[in-house]
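Student: Everything below, folded, please.
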Amino acid sequence: MADLDQMNAALDLTTLVREEIITDRKVGSIRVLTPITADGARDESRAVVYLGETQIMTQMGPLPINFEIKAATLKEAVEAYGEAAKAGVAETIAKLEEMRREAASKIVTPGDAGFAATANKIQMP
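Tutor: Predicted coordinates:
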């Protein structure tokens with residue numbers, strides 16, 4: 001348990017945000033991350049961030065897709081959602097294809113770093 005003693009799970013008071021979820025209950029949702037100060041007041045020195053969420057169906061089941069929406073207001077974020085979602089899905093598919101190519105070209109054998117369990121190397125972001 002020595003690794004847990006060194007884990008830093010403290011929140012950063014300078015990067016706090018209030019999170020709201022906006023959805024049409026059909027296609028997906030938008031997470032609105034509004035910067036706040038340590039006392040909960042709106043931090044006007046930082047911009048609001050809009051994050052889109054949707055999912056695509058795969059052979060393995062639903063795959064969540066997350067993407068940033070470049071917008072200054074909620075209305076702009078809602079209007080830009082469709083194009084941002086397409087870009088997010090395309091980026092995810094490209095990453096999956098790259099992972100598939102890398103996995104196909106690598107042979108894992110006992111003793112390789114990728115073969116061993118890494119439970120003792122858990123890290124907080």
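Student: for the helix ranked longest in the chain, the distance to its chain's centre please.
Tutor: Longest helix in the chain by number of residues (criterion: DSSP state H): helix 74-104. Centroid separation for helix 74-104 versus its chain: 12 Å, with Cα atoms, centre = their mean, to the nearest Å.
Student: Tell me where the model's unsure across this structure.
Tutor: 1-2, 108-125 (pLDDT under 70).
Student: any idea which residue sits dead centre in it?
Tutor: What sits nearest the mean C-alpha location of the chain, by Cα atoms, centre = their mean, is residue 66, with 5.5 Å.
Student: what is that residue paired to in the beta sheet?
Tutor: residue 53 (DSSP bridges).
Student: What of residue 31?
Tutor: As for beta bridges, residue 31 partners with residue 21, residue 51 under DSSP bridges.
Student: hang on, isn't it packed against residue 17?
Tutor: No - using Cβ atoms under 8 Å, residue 31 makes no contact with residue 17, being 9.6 Å away. Just so you know, the C-beta spots here come from the backbone N, C-alpha and C atoms, and that holds for glycine as well.
Student: So between those two, which is more surrounded?
Tutor: Using other Cβ atoms under 10 Å, the more surrounded residue of residue 31 and residue 17 is residue 31, with 18 against 15.
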